[in-house]
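Undergrad: Whatever this is, show me its structure:
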Amino acid sequence: MSITPFLEVNQAIAAMGGDTLNQCMQCGLCAGLCPWGRVVEGSPFVVRKLIRMGQLGMEGFESDEILYACTTCNLCVRNCPRQVKIIDVIRSMRAMIAETGAIPQNLRPILGSVHSHGNPWAEDKEKRMNWTQGLDVPTFGPDTEYFLFVCCTSAYEQRSQKIAQAMVALLKAAGVSFGIIGNEESCCGESVRKIGDEALFSKLAEKNIALFQSKGVKKIITTSPHCFTTFTQDYKDLGADFEVQHYSLFLNQLVKEGKLTPKTALNKKVAYHDPCYLGRHNEVFEQPRELIQAIPGAELIEFEQNKGLSLCCGGGGGRLWMETKPEQRFSDKKVIEAAEKGVDILATACPYCISLFEDSRKGTGKEEQLEIKDITELLQAAL
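TA: Next up is the predicted model:
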């Protein structure tokens, strides 16, 4: 292989944000930690190999099984001894593929939907507020303190809508000044960027920032850790200046201040799953647990690998919309472990996790044994 392709690929990856690529010394720790290694023996996706391909400009990393297998769970990044920002490297590689038009076939409709409708669920923009029917959700105005940003999944996906609805009930119960903007809202763009469409992400981000600023938004509460991460990190890099909290942080503070008091006993065993984008990406581990423990009769059960080592649900990095073989589904492993521990409820704080766990509960035959709940739903029931 000539040196020219090597330099071109290597430099292109660095220019697109993967500038830590060449810090990798091929120690293999990332490959040893990767969740794919926990579920698939001999998996074609090996982080170390992918990094090497990027360093040497080798062909082959474009395939769905390798480059688009990454869920961006951040486990490798948190533990890399050379501080290689592996997710940025993978995002840069995907951006290169996107520029050639070679994005995987099953992800193209997702990007097309975001282009056309402002959401990845192929739903009309005018339906974004359908989840609010019968709730009398306030509209954000000049005197509103908090803007409640409901992610596309909770806005359009029927199961996940319950998260947004529970959140509204909790904020009203606590007397919080909050509101939504409405059908003008669009996808935050987190998954779009992880899929590799940098141009579409920039368009969404600039549009959202301008919208929020025009409405006078200063404080944002998000229902999704993915939106939370995008607003606090990616949007900040684009000049946005908002105070942003994931609901687990906000609600936990309300409980501590006595503005929200769970009273109805649950009397069930609850296993908590740490969402990657709340835990490893943002170091939010204790607040969700404190919320569960604030519910009378809730017995918190921990997974064998939790917090920083928690097994990813498999939905990040655009994989929520990609097909995964049953024997390779991380969410199946998590549901089975929860059932084996004898818990009644598998709880989490992310709509992606909820969606995949619900599918796995049915696919593994645990429907009668296990409930899947978002923390907002547990708290609402406890009121």
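Undergrad: and Arg46, what is it in contact with?
TA: Actually, residue 46 is Val rather than Arg. Contact analysis of Val46 by CB atoms under 8 Å, 6 or more residues apart in numbering lists 31, 34, 36. Yep, even glycine has a C-beta here, placed from its N, CA and C like the rest.
Undergrad: what about the second one, distance to Asp344?
TA: Distance of Cys34 to Asp344, given as CB to CB, to the nearest Å: 31 Å.
Undergrad: and the two? which has more neighbours close in?
TA: Legend: neighbour count by other CB atoms under 10 Å for Cys34 and Asp344, higher for Cys34 (23 against 19).
Undergrad: Leu249 - how many residues pack around it?
TA: 18.
Undergrad: and if you look at the one 10 residues further on?
TA: Lys259: 13 surrounding residues under other CB under 10 Å.
Undergrad: what do you get for the one 10 residues further on?
TA: Lys269 is flanked by 15 other residues according to other CB under 10 Å.
Undergrad: repeat for Val217
TA: Neighbours around Val217, by other CB under 10 Å: 21.
Undergrad: Which secondary structure element of the chain has the lowest mean pLDDT?
TA: helix 3-15 (a mean of 70; mean pLDDT, DSSP states H and E).
Undergrad: returning to that earlier point: can you tell me which of the contacts of Val46 has the lowest confidence score?
TA: Of all those, Ala31 has the smallest pLDDT value, namely 88.
Undergrad: separation between Arg361 and Lys325?
TA: For Arg361, the distance to Lys325 - CB to CB - is 18 Å.
Undergrad: out of the two, which sits in the busier spot?
TA: The residue with more neighbours, out of Arg361 and Lys325, is Arg361; 23 against 8, by other CB under 10 Å.
Undergrad: Look up which helix or strand the more buried one falls in, please.
TA: Following DSSP states H and E, one finds Arg361 within helix 351-363.
Undergrad: So which elements touch that helix?
TA: Judged by 3 or more CB pairs under 8 Å, 6 or more residues apart in numbering; DSSP states H and E, the packing partners of helix 351-363 are helix 152-156, helix 330-340, strand 345-348, strand 371-374.
Undergrad: For Val270, name its beta-bridge partners.
TA: Leu300, Ile345 (DSSP bridges).
Undergrad: Contact partners for it?
TA: 292, 298-301, 343-347, 378.
Undergrad: Now do it, the pLDDT please.
TA: As predicted, Val270 sits at a pLDDT of 98.
Undergrad: residues making contact with stretch 109-118?
TA: Contacts of stretch 109-118 (CB under 8 Å, 6+ apart): 103, 119-125, 128, 185-187, 189, 191-192, 195, 197, 200, 204, 318, 321.
Undergrad: then that stretch to CSV, C-alphas only?
TA: The C-alpha coordinates for stretch 109-118 follow below in CSV (Å, rounded to 0.1, in the frame of the first residue of the first chain):
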residue,chain,number,x,y,z
PRO,A,109,-34.5,6.4,5.8
ILE,A,110,-33.8,7.7,9.3
LEU,A,111,-31.7,10.5,8.0
GLY,A,112,-34.3,11.1,5.3
SER,A,113,-37.0,11.4,7.9
VAL,A,114,-35.0,13.9,9.9
HIS,A,115,-34.4,15.9,6.8
SER,A,116,-38.1,16.0,5.8
HIS,A,117,-39.9,15.9,9.2
GLY,A,118,-37.4,16.9,11.8
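Undergrad: What segments of the stretch 51-200 of the chain are strands?
TA: Using DSSP state E, counting those that start in this stretch, the strands of the stretch 51-200 of the chain run over 146-149, 178-179.
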